[in-house]
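**Student:** The following comprises the amino acid sequence and a computationally predicted model.
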Amino acid sequence: MTKHIFITGGVVSSLGKGLTSAALGMVLESRGLKVALQKFDPYLNVDPGTMSPYQHGEVYVTDDGAETDLDLGHYERFTTTTTNRDSNFTTGQIYNAVLSKERRGDFLGGTVQVIPHITNEIKDSVRRPAVEGVDVVLTEIGGVIGDIESLPFLEAIRQMPHDVGHENVLFIHLTLVPFIRAAGEMKTKPTQHSVGKLREIGIQPDILICRTEKPMTDEMIDKISLFCNVEKSAVIEELDLAKPYLVYELPCVFIDQGLDDIILEKLHLDCPEPAIGAWLQMLDRLRNPSREVEIAVIGKYIDHQDAYKSIYEALTHGGTANDTRVIVRRVEAEEAEKKGAEKLLAGVGGVLVPGGFGSRGIEGKIQSIRYARENNIPFLGICLGLQCAVIEFARNVCGLDKANSMEFDVNTPHPVICYMDEQLRVTDMGGTMRLGSYPCHLTEGSLAQRAYAQANVHERHRHRLEFNNSFRDVFQEKGMAFSGLSPNDKLVEIVELQGHPWYVAGQFHPEFKSRALQPHPLFRDFIAASLRHTQAEKKSPERKQSGKSVAV
């Protein structure tokens, strides 16, 4: 029977339940188990698709087209699992499903209540990933213990041991042991209160994972164990990692403390010793790179770390594949528009323009792409990045001065980027987005085909507009190659620039398919090209720098 592990959080938000869940998934996979991961979010939005990146971070897209929480990206980067629409549920989705059943008459006119109807719907959703072959389902409960929004989810998981057996359910609580600088002490009281609140609901955690700034003493562990009624060996320390890119050390931190053995014992599972050789090799390259390269990311939401989370992680993976540390120069698109791309991008090894929506900052992105094109700097465009590259090429190479996307100027005389229904007259798409995985055929010998080392690939999409095929001929005449097309040749998926050292833009989001042990081919080759450019430029005595540069 499939086992269930529930991960809750206490004291404060942003403790890293998503990363902790992902690391736990990797640890269990290393013991030979097949895992599935999912997250429940307590907000009322039906999905994160319409939420601001400033509030929620990036929207992660699955193969089957679900717009989900960014924590699903952590799940896929750490494990071999592929998430889907059963991997993320919001309060809005749960209530919407129950109300739809009520309107259909499924409840035969009965009174619809939080218990049992909402909680039953939550439990049904918990069971969906528990398909044949899955040994363990890890379910992360969003929010903080004590929040009113989380109560139906907590009540539902409280009932799970009664439904599937106590031996098949494990509760892990992630909490905070803060360090009070003024007093020079660490305090366990917030953890005690958090666990007390959880026990009031009827859930006794089996394992506590304590986020700390400083190492905990044996005395503190004894105190937490006593007052929280958790075995001392099951009080696990999760010390703040020295650098952000070292999050991939977290599985090793857990294994070193025997967390995997505790989980297996409590769930009555007999598994081989952890096989983490490949992971340790990846960590060694991550910790001890032989070189570094600086990449400029020109974004609209650059001040929010999580708005481009998968981009930064994919750059890290691409760097690891090249034995290189990637330093990201974060450039606000509007700033590039005001100050000029040349000033902000001087000295970088590569330029990346990510996805997004809306007209704000677009001209700054276009200027940045022009700078990369004219100065032979490696360029990777993603989704909106491709569309901006097309606009820039149309204006400055093809002579279409007023070229634009219909998203920004519906009356443009040269709509080089147009809505899907205008392009294909496909009635079932209408004005909606192209979401999820779609096939792409690659041109033999192209940069993209050499990167993927295959002729056909699948990539995840999230956009409403496409390249306008009416302009294909003029673009090809001027040196832009369409190296990736849909199987029917009607949709442009990848463009490249002939004569440029490395210039690739895709209509999809390759960052969503990059993993710690399987870097995405485009990011891998982009970093390799950026390294070559950096080495060629080393003769220059000065490297101008502007913007925010951080290791990823």
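**Tutor:** The structure has been received and is ready for your questions.

**Student:** Who does Leu138 form a beta bridge with?
**Tutor:** Ile5, Leu37 (DSSP bridges).

**Student:** I figured Asp86 hits Arg127, correct?
**Tutor:** No. Using Cβ atoms under 8 Å, Asp86 makes no contact with Arg127, being 9.5 Å away. Every C-beta, even on glycine, is put in place using the N, C-alpha and C of the backbone.

**Student:** Could you find the closest non-adjacent residue to Ala36?
**Tutor:** Nearest residue to Ala36, sequence neighbours excluded (Cβ to Cβ, 6 or more residues apart in numbering): Pro129, at 3.8 Å.

**Student:** Correction: the previous question concerned Leu44.
**Tutor:** Gly92 (4.6 Å).

**Student:** Quick check: which element contains the spatially most central residue of the chain?
**Tutor:** Nearest to the mean C-alpha position of the chain, by Cα atoms, centre = their mean, lies Gly73 at 3.3 Å. Per DSSP states H and E: Gly73 is located in helix 71-78.

**Student:** in that helix, what counts as buried?
**Tutor:** By neighbour count with 16 or more other Cβ atoms under 10 Å, helix 71-78 contains the buried residues 71-78.

**Student:** centre of the chain versus that helix, how much separation?
**Tutor:** Relative to its chain's centre, helix 71-78 lies at 6 Å (Cα atoms, centre = their mean, to the nearest Å).

**Student:** So for stretch 520-536, what gets flagged as buried?
**Tutor:** 520-534.

**Student:** Now find how far off-centre it is within its chain.
**Tutor:** 22 Å.

**Student:** My guess is Thr83 contacts Asp71. True?
**Tutor:** No. Applying Cβ under 8 Å, one finds Thr83 not in contact with Asp71, separated by 9.6 Å.

**Student:** Point out where the stretch 101-250 of the chain drops to low pLDDT.
**Tutor:** For the stretch 101-250 of the chain, no stretch has pLDDT under 70.

**Student:** Pull up the gap between the residue located most distally from the centre of the chain and Ala403, please.
**Tutor:** The C-alpha centroid of the chain is most remote from Gly109, which lies 42.2 Å away (Cα atoms, centre = their mean). Gly109 sits 59 Å away from Ala403, going by Cβ to Cβ, to the nearest Å.

**Student:** Repeat that for Thr91.
**Tutor:** 44 Å.

**Student:** try Leu465
**Tutor:** Here the criterion is Cβ to Cβ. By it, Leu465 lies 14 Å from Ala403.

**Student:** do the same with Leu286
**Tutor:** For Leu286 relative to Ala403 (Cβ to Cβ), the value is 42 Å.

**Student:** which residues in the stretch 251-400 of the chain form helices?
**Tutor:** For the stretch 251-400 of the chain, the helices defined by DSSP state H, counting those that start in this stretch cover 259-266, 277-287, 309-321, 333-339, 341-345, 362-374, 384-396.

**Student:** tell me, how many neighbours does the residue nearest to Gly10 when sequence neighbours are not counted end up with?
**Tutor:** Excluding the flanking residues, the one nearest Gly10 by Cβ to Cβ, 6+ apart is Ser194, at 3.0 Å. Ser194 is flanked by 25 other residues according to other Cβ atoms under 10 Å.

**Student:** and if you look at Ile263?
**Tutor:** Ile263: 25 neighbours (other Cβ under 10 Å).

**Student:** Any idea what the nearest residue to it once chain neighbours are set aside is bridged to?
**Tutor:** Excluding the flanking residues, the one nearest Ile263 by Cβ to Cβ, 6+ apart is Leu170, at 6.4 Å. Applying DSSP bridges to Leu170 yields these beta-bridge partners: Ile5.

**Student:** ok, now which ones touch Leu170?
**Tutor:** 3-6, 206-207, 263, 266-267 (Cβ atoms under 8 Å, 6 or more residues apart in numbering).

**Student:** Give me the pLDDT for the residue lying closest to Asn456 once chain neighbours are set aside.
**Tutor:** Spatially, and ignoring its direct neighbours in sequence, Asn456 is nearest to His441 (5.5 Å; Cβ to Cβ, 6+ apart). Here the pLDDT value assigned to His441 is 98.

**Student:** ok, now His500?
**Tutor:** 97.

**Student:** Please name the nearest non-neighbouring residue to it.
**Tutor:** Per Cβ to Cβ, 6+ apart, closest to His500 is Asn376, 6.2 Å.

**Student:** same check, this time on Pro274
**Tutor:** Counting by Cβ to Cβ, 6+ apart, Ser30 is the residue found nearest to Pro274 once chain neighbours are left out, at 4.0 Å.

**Student:** now Glu213
**Tutor:** Per Cβ to Cβ, 6+ apart, closest to Glu213 is Phe179, 4.4 Å.

**Student:** related to what we said a few turns ago, where's the residue farthest from the centre of the chain, which helix or strand?
**Tutor:** Here Gly109 is assigned to no helix or strand, by DSSP H and E.

**Student:** ok, it - contacts?
**Tutor:** Here Gly109 is in contact with no residue (Cβ under 8 Å, 6+ apart).
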